[in-house]
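Trainee: I would like to see how this sequence folds:
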Amino acid sequence: MYLKDEKFVFFFKKILYKVLFFNLILSIVMLVIIRTYIPSPSAFKAEGAYKDLYESIPYFANFFRYSYTTQNSGYLAFPFFFYYLSKLEFKKSRWALLLSSSSMIAGIAFYSRAQIFTYVLVFIGSFFLLKDILPKKLNQKILRYIKIVISLIVFLFISITVTRFSEMDYYKDRIPRNSRVKDPIIYSIADYTAQGYYNGVNRLEKYTPEKILYGEGFLRLVYQYLNFFNIITWNAEKSKERVNKSFDGEAHLFYGYTCHTVYNFGYIVTFLLSVLFHLYITSQLRKRKYVSIESLFILVLLLVISVVSIFYCGFELLYVNLIFFFLIRTAYLLKKK
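Mentor: As a prediction, this is how the structure comes out:
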């Protein structure tokens, strides 16, 4: 791993670390507040449960929205973790990993199994992507730690599942009569990981050109930003209604990467987008032993798409990080002039 533009990398690192340190503290505060006032995952997930805190705690709404929007920013610290690890600078690598954990702590705070799942798999994926640049002894040591962390995360994942679904008596009624699994907790885990496939297949059978959203669900966050700065006029509630109508009132379910992308752009654009994604990743992997840390920022973010593809299309998770990255890049170039 090398630095293509050392000055930019450390300029970016300086700003990123400040943001992630703030996010880490905020995630811990959110974790304490939510666990104190809403100890039940099912209550938190219920519509409007967390909104009760908007009025009772000053500025909670602002910090909650900020934390929820930026919860994926921790992935940008992964390249620094592996960079310093390859240089055997363990103190700096541990600090980068700690800052990256703001994403996982946010997932724990929001009772988000998907966020915890994504963080762990993106880290593991990054490790296997870059393990060739690390000493063999270090690889073995990291693998041992990964196994320990996976065990802890699985325990946490199951704990959230047990707590949440043991409180949902009505969930038993959702289990099909012909299902071999009758326990609601075990069924929910199997359903959680598999529903993106069967929902996606069934939903694609109902797709017609009239249901295409032209990026409405795909670019929702972009529209929110453009509306915030009065560049366009966009109504969040009407947008939600359009998306929900296209999915026949079931837009809240997991449908997987293919289904979500098809409903947003149609089959042709979905195919072309997927081919471009494949070609870019393949070209970068050919030179992964000599990959620049700048390219690694993008690779790690794109890895998120593959990880969450069984649930939904992950492109919308990248907008904040990509905007942040390119804003810092622009600021650096302006400063350089």
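Trainee: stretch 100-114: how far from the chain's middle?
Mentor: Centroid separation for stretch 100-114 versus its chain: 10 Å, with Cα atoms, centre = their mean, to the nearest Å.
Trainee: quick one: list the elements packing against the helix or strand containing Phe155.
Mentor: Here Phe155 sits within helix 136-166, counting by DSSP states H and E. Taking 3 or more Cβ pairs under 8 Å, 6 or more residues apart in numbering; DSSP states H and E as contact, the helices and strands that helix 136-166 lies on are helix 41-45, helix 113-130, helix 184-205. Every C-beta, even on glycine, is put in place using the N, C-alpha and C of the backbone.
Trainee: how about the next helix or strand after the first one: buried residues?
Mentor: Moving toward the C-terminus from helix 41-45, the first helix or strand encountered (DSSP H and E) is helix 52-56. Within helix 52-56, the residues that qualify as buried are Leu53, counting by 16 or more other Cβ atoms under 10 Å.
Trainee: all helices for the stretch 151-300 of the chain, in order.
Mentor: 184-205, 220-228, 236-246, 256-285, 293-308 (DSSP state H, counting those that start in this stretch).
Trainee: averaging pLDDT over each of those helices, which comes out lowest?
Mentor: Comparing mean pLDDT across these, the weakest is helix 220-228, with a mean of 74.
Trainee: any low-confidence regions in the stretch 51-200 of the chain?
Mentor: The model of the stretch 51-200 of the chain has pLDDT under 70 over residues 157, 160-174.
Trainee: check Glu47 and give its pLDDT.
Mentor: 54.
Trainee: hang on, the earlier thing: now do the helix holding Phe155 against helix 113-130, angle only.
Mentor: 170 degrees (axes from the mean of the first three to the mean of the last three Cα atoms, to 10 degrees).
Trainee: how far out from the middle of the chain is helix 136-166?
Mentor: 18 Å.
Trainee: next one: stretch 72-81
Mentor: 12 Å.
Trainee: end-to-end on it?
Mentor: Criterion Cα to Cα, to the nearest Å; first-to-last residue distance in stretch 72-81 is 16 Å.
Trainee: contacts for it?
Mentor: Applying Cβ atoms under 8 Å, 6 or more residues apart in numbering, the contact partners of stretch 72-81 are 1, 13, 16-17, 19-20, 23, 92-93, 96-97, 99-104, 119, 122-123, 126, 293, 296-297, 300-301, 304, 317-318, 320-321, 324-325.
Trainee: dump the helices of the stretch 151-300 of the chain to a markdown table, plus mean neighbour count and distance to Val32.
Mentor: Shown next, in a markdown table, are the helices of the stretch 151-300 of the chain (neighbours: other Cβ atoms under 10 Å; distance: least, Cβ to Cβ, whole Å):
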| stretch | mean neighbour count | distance to Val32 |
| --- | --- | --- |
| helix 184-205 | 16 | 27 |
| helix 220-228 | 15 | 27 |
| helix 236-246 | 14 | 29 |
| helix 256-285 | 16 | 34 |
| helix 293-308 | 19 | 27 |
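Trainee: run a quick neighbour tally on Phe110.
Mentor: 23 (other Cβ atoms under 10 Å).
Trainee: follow-up on the earlier one: how about the helices of the stretch 151-300 of the chain, which one is nearest Arg113?
Mentor: helix 184-205 (6.9 Å; Cβ to Cβ).
Trainee: got the CA coordinates for the closest one in PDB?
Mentor: Presented in PDB, the C-alpha positions along helix 184-205 are these (Å, rounded to 0.1, in the frame of the first residue of the first chain):
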ATOM      1  CA  PRO A 184     -40.300 -17.000  16.400                       C
ATOM      2  CA  ILE A 185     -36.700 -16.100  17.400                       C
ATOM      3  CA  ILE A 186     -35.000 -18.700  15.300                       C
ATOM      4  CA  TYR A 187     -37.500 -18.100  12.500                       C
ATOM      5  CA  SER A 188     -36.800 -14.300  12.600                       C
ATOM      6  CA  ILE A 189     -33.000 -14.900  12.200                       C
ATOM      7  CA  ALA A 190     -33.600 -17.200   9.200                       C
ATOM      8  CA  ASP A 191     -36.200 -14.800   7.800                       C
ATOM      9  CA  TYR A 192     -33.900 -11.800   8.300                       C
ATOM     10  CA  THR A 193     -31.000 -13.200   6.200                       C
ATOM     11  CA  ALA A 194     -33.200 -14.900   3.500                       C
ATOM     12  CA  GLN A 195     -36.100 -12.500   2.900                       C
ATOM     13  CA  GLY A 196     -34.200 -10.300   0.500                       C
ATOM     14  CA  TYR A 197     -34.000 -13.200  -1.900                       C
ATOM     15  CA  TYR A 198     -37.500 -14.500  -1.900                       C
ATOM     16  CA  ASN A 199     -39.100 -11.000  -1.600                       C
ATOM     17  CA  GLY A 200     -36.900  -9.800  -4.400                       C
ATOM     18  CA  VAL A 201     -37.800 -12.700  -6.800                       C
ATOM     19  CA  ASN A 202     -41.500 -12.400  -6.000                       C
ATOM     20  CA  ARG A 203     -41.400  -8.600  -6.400                       C
ATOM     21  CA  LEU A 204     -39.600  -8.700  -9.700                       C
ATOM     22  CA  GLU A 205     -42.400 -10.900 -11.100                       C
END
